[in-house]
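**Q** I need the structure of the sequence given here:
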Amino acid sequence: MGFVSAGALAQVKIEGAACATPPPLHCPDSECSGAMVINQGPVVEMKTRRTYFLDYPCDLKTGEKVTFILSLHGGGSYGNWQRHYFPLLDYKDKYRLVIATPNSPTRVWSDADDQYLQNIVEFVVSQLGRENVKAFWLVGHSQGGLTSNRIIRTDFFKKKVDGWLSLSGGRLGGNPGRSATFAPAPPTGAAAPTMPPSTFAAAAALLRELPANDFSFIYETGQREVDEKGVPDTSDWAKKYSCGARGAAQEIVDTRAGYVFDSSRLNQLRPGWGLLPAPGKAQIFTFPNCKDSRVVADVVRVDKGHTEGLEPKITEELVKLIVSAPGGKMQKEPS
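**A** Residues are numbered from 1 along each chain as shown. Okay, here's the model as predicted:
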C-alpha cells in the first residue's frame, strides 16, 4: 500500500506521485503557455514507462473514501490540456477526488493504449485501497469520449465503472446532429492527428448500441457544436432506468472564463469548433427518479463550441453530479 503506516489517520503518499498545493503545472487564469499545455505529466506508469498526471488531495488520509476519475483527452490533444479543459484539479480537495489524466503518444486513442490505461487504474487503486474507492468514473472529451464509450464495454472496465461523463464525446440514447461550423479549420503549422474516417464511423455507430452494463451517464456539449434541433429531450439511456421526463433547465452563470482553447487555429476560429475562452451560461437538464438512483443528465453550454475550456461554476456543478451518483463497483471487485 502506498501510505504511511503510523496510525489510523496517516497521510496517503502515492508512490511516484508527489502532491503539491497548488498542483504542479497548473495554468494561470489566462494565457496558458503552449509549453505547459502539451506537458505529458510527471508520473511514470512503470510497466509501459509512459507518463501521466495524478492529482489528489495532499491531506488525503488512510481509509478515506474518494471518487477516482480517469480523464481522457481528445484527438490531437494532450493530458495537461485536458486537465485544464475540464479542470477537476481545482475541486480535488473540496470533493475528495483522485484524477488520473493520461496521454496517447499518437494523440489519438486506440486499443494500443488500453493496457497503459488499465495499468494506471490498477496502480492507483492498489495505492488507495480498493475499499476506499467509493466510485470510479470515466471522463472523456471528444475522441476521448468515444474511447470511453468503447472501453466501458470491455471486460476490464465494465465491472468497475460507476459513471461516464462525455464532454462532447457522444451521447448514449440519442446523439444530436453537428452544426455546420463544427469541423475544425486546418491547424496553423503541422497537421494535428485525426482518426481515420472508418475508425470514427465505427466509434460513432457504437453510441447507438447501448451497453449492457449499468452506470450513470452525463452528456455535456457546447450549444454551437450541435445543429439547430439541439440535444434531444428524450434518452434511451434514461428509459433504461425508467427515469422521469427530462426536467426544466437549471441555469448556471459563470463570470470567469475557462483556461484553454484551440490555440493551433488562432486565425481560423469557427463558432462550432470553438472561439476564445469567455464567461458564459450553461443549462443542466436532469432525468429524475432513475432506477437505482442513477444520474442521467444533459448539459448545454450556451454560445460555446467544442474547444473552449469549461468555466469554473459549470465544472463544479458537473463534479456535484458525479459525486451524487451511486458507486461501489470497485469495492465489489476481487482484490
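
**Q** quick check: next helix or strand after the helix ranked longest in the chain?
**A** When the chain is parsed with DSSP state H, its longest helix is helix 114-128. For helix 114-128, the succeeding helix or strand toward the C-terminus, using DSSP states H and E, is strand 133-141.

**Q** now for that following strand, which elements pack on it?
**A** If contacts are counted by 3 or more CB pairs under 8 Å, 6 or more residues apart in numbering; DSSP states H and E, strand 133-141 sits against strand 66-72, helix 143-151, strand 163-167, helix 312-324, helix 329-332. Where C-beta positions appear, they are placed from N, C-alpha and C, glycine not excepted.

**Q** that strand pairs with which strands, parallel or anti?
**A** Partner strands for strand 133-141, per DSSP bridges, with pairing direction: strand 66-72 (parallel), strand 163-167 (parallel).

**Q** any idea which of those gets closest to residue 283?
**A** strand 163-167 (15.5 Å; CB to CB).

**Q** and the angle for that closest one with helix 312-324?
**A** 160 degrees (axes from the mean of the first three to the mean of the last three CA atoms, to 10 degrees).

**Q** send the alpha carbons of strand 163-167 over as PDB?
**A** Once non-C-alpha atoms are left out, strand 163-167 reads as follows in PDB (Å, rounded to 0.1, in the frame of the first residue of the first chain):
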ATOM      1  CA  GLY A 163     -20.300   6.500 -14.400                       C
ATOM      2  CA  TRP A 164     -19.300   8.200 -17.600                       C
ATOM      3  CA  LEU A 165     -19.200  11.900 -18.300                       C
ATOM      4  CA  SER A 166     -19.000  12.600 -22.000                       C
ATOM      5  CA  LEU A 167     -17.600  16.000 -22.800                       C
END
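
**Q** can you give me the helices in this structure?
**A** Ranges of helices within the chain are 34-37, 79-85, 92-95, 114-128, 143-151, 155-158, 197-206, 236-240, 312-324, 329-332, based on DSSP H.

**Q** residues contacting the first one, please?
**A** To tie it back to what came earlier, the one meant is helix 34-37. 25, 27, 78, 80-81, 84, 260, 263 (CB atoms under 8 Å, 6 or more residues apart in numbering).

**Q** ok, these vs residue 289, which is closest?
**A** residue 84 (35.2 Å).

**Q** looks like residue 78 contacts residue 103 (just checking).
**A** Yes. Contact criterion CB atoms under 8 Å: residue 78 and residue 103 qualify, at 6.0 Å.

**Q** quick check: neighbours shared by the two?
**A** residue 40.

**Q** ok, of the helices of the chain, where does mean pLDDT dip lowest?
**A** Lowest mean pLDDT within the helices of the chain: helix 197-206, a mean of 66.

**Q** still on that earlier bit, now do the longest helix of the chain against strand 66-72, angle only.
**A** Counting by the same axes, to 10 degrees, helix 114-128 lies at 160 degrees to strand 66-72.

**Q** pLDDT weak spots in the stretch 51-200 of the chain?
**A** 187-200 (pLDDT under 70).

**Q** around residue 66, how many other residues sit close by?
**A** 23 (other CB atoms under 10 Å).

**Q** er, residue 326 I mean
**A** With other CB under 10 Å as criterion, residue 326 counts 17.

**Q** what separates it from residue 158, distance-wise?
**A** 16 Å (CB to CB, to the nearest Å).

**Q** same question, residue 95
**A** Distance, residue 95 to residue 158, using CB to CB: 25 Å.

**Q** what do you get for residue 54?
**A** Distance, residue 54 to residue 158, using CB to CB: 23 Å.

**Q** which of residue 78 and residue 103 has more neighbours?
**A** Neighbour tally, residue 78 and residue 103, criterion other CB under 10 Å: the higher count belongs to residue 103, 25 against 19.

**Q** quick one: that one and residue 50 touch, right?
**A** Yes. Counting by CB under 8 Å, a contact exists between residue 103 and residue 50, whose distance comes to 7.1 Å.
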